[in-house]
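S.K.: Starting from these lines, generate the structure:
(chains A and B)
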Number of protein chains: 2
Amino acid sequence: ARPRVGYFYTGKTQSQLLTDKVKRMTVKSYQSIPVVVEESASAYDAICTMFLEDVGTLFVVNKDGVLIGALSRKDLLRASLGNQDLSAIPISVIMSRMPNITFCHSHDLIIDVAKLLIERQIDGMPVVKETDKGLEVTGRLTKTNVTRAFVELAEGQFD
Amino acid sequence: ARPRVGYFYTGKTQSQLLTDKVKRMTVKSYQSIPVVVEESASAYDAICTMFLEDVGTLFVVNKDGVLIGALSRKDLLRASLGNQDLSAIPISVIMSRMPNITFCHSHDLIIDVAKLLIERQIDGMPVVKETDKGLEVTGRLTKTNVTRAFVELAEGQFD
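M.R.: Numbering: from 1, shown residues only, chains lettered A, B, ... in the order given. From the prediction side, this is the model:
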């Protein structure tokens, strides 16, 4: 029988419907623009780039534009404790390096990336695309993006 | 009529039910332990505390334990650009200071705090309790906590 309240009984439970919504929330819809630096940059350059671009994670690429490293605010703060001149520290010695970088793809689900961010205790990761030469960085997915996804899911606005 | 599938028609729409769940997700259930430093600490001390305690936000309290400031990794990175000795920089000159600190209460909803984190572009905020002397810090609520809340909501595990 058709209910009188303007919607249909679909045979799905509340949690199934929620799961359906979550299964449509992909990285592509929530990712940010990536900010990359070259391996030859100094820690000082990297911190300046973070402030100029207003991001907390930088990705390091080689001359072919292939992902070779990642830098967090935490990595740079650790370097600043060293009491050395930050412009004399190459980022290549303080960055996380492939293959130790957690990454995701634009078709991945936000829920899976959110679990990875928690599990690996990181603030963000690159969104990548495989190429012949290696991984090309196409986006950035951070806890800020997940926080936005939470607000949308909680408010049911994203349908 | 009673449906045959083991649950009842409540007269609520899907989004109302979701809203009900969200309205039970309070700061209290997701907050972390706060890490505080005294106003007399140096930027160097503060960075060390962040690494030792593995947090990205510190709260600054006076001798009565009352909240007077907050320090983020971003504040400390900015200080490290100055090319000064970090142990000679008092945190009182680089911290955000009351009343310019966004805070929340343990009974607040995660959804409201999530919106504040996005709107104010901050990574975390203190959970406070009003006392005669001022605000006492009882917790810490960050984008990491919101990310956990998202995972629980998305997986429907928190009922």
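S.K.: So what's the residue count around the closest residue to residue A:41 other than its chain neighbours?
M.R.: Leaving aside its sequence neighbours, residue A:41 sits nearest to residue A:91 (Cβ to Cβ, 6 or more residues apart in numbering or on different chains; 5.3 Å). Bear in mind the C-beta positions are built from the backbone N, C-alpha and C, glycine included. Residues near residue A:91, counting by other Cβ atoms under 10 Å in any protein chain shown, number 24.
S.K.: quick one, what contacts residue A:91?
M.R.: Residue A:91 is in contact with A:37, A:39, A:41-43, A:45-46, A:60, A:69, A:71, counting by Cβ atoms under 8 Å, 6 or more residues apart in numbering or on different chains.
S.K.: Of those, which belong to helices?
M.R.: Within those, residues falling in helices by DSSP state H are A:43, A:45-46.
S.K.: can you pick the most crowded of those?
M.R.: Busiest of the ones in helices among the contacts of residue A:91 [other Cβ under 10 Å] is residue A:43, holding 26 neighbours.
S.K.: Spatially, and excluding backbone neighbours, which residue is closest to the most centrally placed residue in chain A.
M.R.: The structure's chain A has its C-alpha centroid closest to residue A:141; by Cα atoms, centre = their mean the separation is 2.0 Å. Nearest in space to residue A:141, with sequence neighbours left out and distances taken as Cβ to Cβ, 6+ apart, is residue A:31 at 5.1 Å.
S.K.: How far off centre is stretch A:22-32?
M.R.: 11 Å (Cα atoms, centre = their mean, to the nearest Å).
S.K.: List the buried residues in that stretch.
M.R.: Neighbour-count burial for stretch A:22-32 flags A:22, A:25-27, A:30-32 (criterion: 16 or more other Cβ atoms under 10 Å in any protein chain shown).
S.K.: Residue A:80: neighbour count?
M.R.: Neighbours around residue A:80, by other Cβ under 10 Å: 22.
S.K.: who touches it in this structure?
M.R.: A:43, A:86, B:47, B:76-77, B:80, B:86.
S.K.: quick one: it from residue B:91, how far?
M.R.: 14 Å (Cβ to Cβ, to the nearest Å).
S.K.: which stretches of chain A form helices?
M.R.: Going by DSSP H, chain A shows helices at A:14-22, A:27-30, A:43-53, A:73-80, A:110-119, A:143-155.
S.K.: Out of these, which is the most enclosed?
M.R.: helix A:143-155 (a mean of 23; mean count of other Cβ atoms under 10 Å in any protein chain shown).
S.K.: quick one: which of the helices of chain A is nearest residue B:129?
M.R.: helix A:143-155 (24.4 Å; Cβ to Cβ).
S.K.: Which residues does the closest one contact?
M.R.: Under Cβ under 8 Å, 6+ apart, the answer for helix A:143-155 is A:21-22, A:25, A:30-32, A:110, A:113-114, A:117, A:123-124, A:158, B:18-19, B:22, B:25, B:110-111, B:114-115, B:117-118, B:123, B:143-144, B:146-147, B:149-150, B:153-154.
S.K.: go with 7 Å
M.R.: A:21, A:25, A:30-32, A:110, A:114, A:117, A:123-124, A:158, B:22, B:111, B:114-115, B:117-118, B:143-144, B:146-147, B:149-150, B:153-154 (Cβ atoms under 7 Å, 6 or more residues apart in numbering or on different chains).
S.K.: so how far is it off the chain centroid?
M.R.: 14 Å.
S.K.: end to end, how far does stretch A:35-48 reach?
M.R.: 12 Å (Cα to Cα, to the nearest Å).
S.K.: near chain B, which residues of chain A?
M.R.: Contact residues, chain A versus chain B (Cβ under 7 Å from any Cβ of the partner chain): A:7, A:13-15, A:17-18, A:22, A:47, A:73-74, A:76-77, A:80-81, A:86, A:111, A:114-115, A:117-118, A:143-144, A:146-151, A:153-154, A:156.
S.K.: Distance of residue A:66 relative to residue A:113?
M.R.: For residue A:66, the distance to residue A:113 - Cβ to Cβ - is 21 Å.
S.K.: Apologies, that question was intended for residue A:134.
M.R.: Distance from residue A:134 to residue A:113, counting by Cβ to Cβ: 21 Å.
S.K.: try residue A:147
M.R.: In terms of Cβ to Cβ, residue A:147 sits 13 Å off from residue A:113.
S.K.: now do residue A:69
M.R.: From residue A:69 to residue A:113 the distance is 20 Å (Cβ to Cβ).
S.K.: Residue A:58 now?
M.R.: Taking Cβ to Cβ, one finds residue A:58 at 18 Å from residue A:113.
S.K.: can you check residue A:80 too?
M.R.: 29 Å.
S.K.: quick revisit: quick one: which of the contacts of residue A:80 is nearest residue A:95?
M.R.: residue A:43 (9.6 Å).
S.K.: Contacts only, for the closest one.
M.R.: A:76, A:79, A:86, A:89, A:91, A:94.
S.K.: No more questions from me, cheers.
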